[in-house]
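Engineer: Just to be clear, the model below is a prediction. Sequence and coordinates:
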Amino acid sequence: MHCNRDALGAWEKYVIAKVTGSGPIHSGDTVSLRALEWNTYCSALSSGAHPMYCNADSVGASEQFTLILNAEPAPD
């Protein structure tokens, strides 16, 4: 994954979804990232030792992330 754009395009939009359970997403929950442009999931292969690619068709162990929320509010 390269984060080098100055503007938000279709390929920079993702869905964050809870992997298990329902209800609101909280810090510490296991989530997946789905790229809207290609409808594929982002993977962190080898525990993040390789670049992140968003080309998986389903959620497996490499497509699960622990969400850590920052205590500060998001910028406007």
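Structural biologist: Nice, I can see it.
Engineer: Number of residues surrounding Y53?
Structural biologist: Neighbour count of Y53, defined by other Cβ atoms under 10 Å: 15. For glycine as for every other residue, the C-beta is placed from the backbone atoms N, C-alpha and C.
Engineer: beta partners of the residue nearest the centre of the chain?
Structural biologist: By Cα atoms, centre = their mean, the mean C-alpha position of the chain lies nearest to L33, the distance being 2.8 Å. For L33, the beta-bridge partners are I16 (DSSP bridges).
Engineer: so how far is the helix or strand bottoming out on mean pLDDT in the chain off the chain centroid?
Structural biologist: Scoring the helices and strands of the chain by mean pLDDT, DSSP states H and E places strand 53-56 at the bottom, with a mean of 90. Put simply, strand 53-56 sits 10 Å off its chain's centre (Cα atoms, centre = their mean, to the nearest Å).
Engineer: For that strand, buried residues please.
Structural biologist: For strand 53-56, the neighbour count (16 or more other Cβ atoms under 10 Å) marks 54, 56 as buried.
Engineer: Quick check: next helix or strand after that strand?
Structural biologist: Next in sequence after strand 53-56, counting helices and strands by DSSP states H and E, comes strand 65-66.
Engineer: ok, now how distant is W11 from A56?
Structural biologist: 16 Å (Cβ to Cβ, to the nearest Å).
Engineer: what does T20 give?
Structural biologist: Distance from T20 to A56, by Cβ to Cβ: 18 Å.
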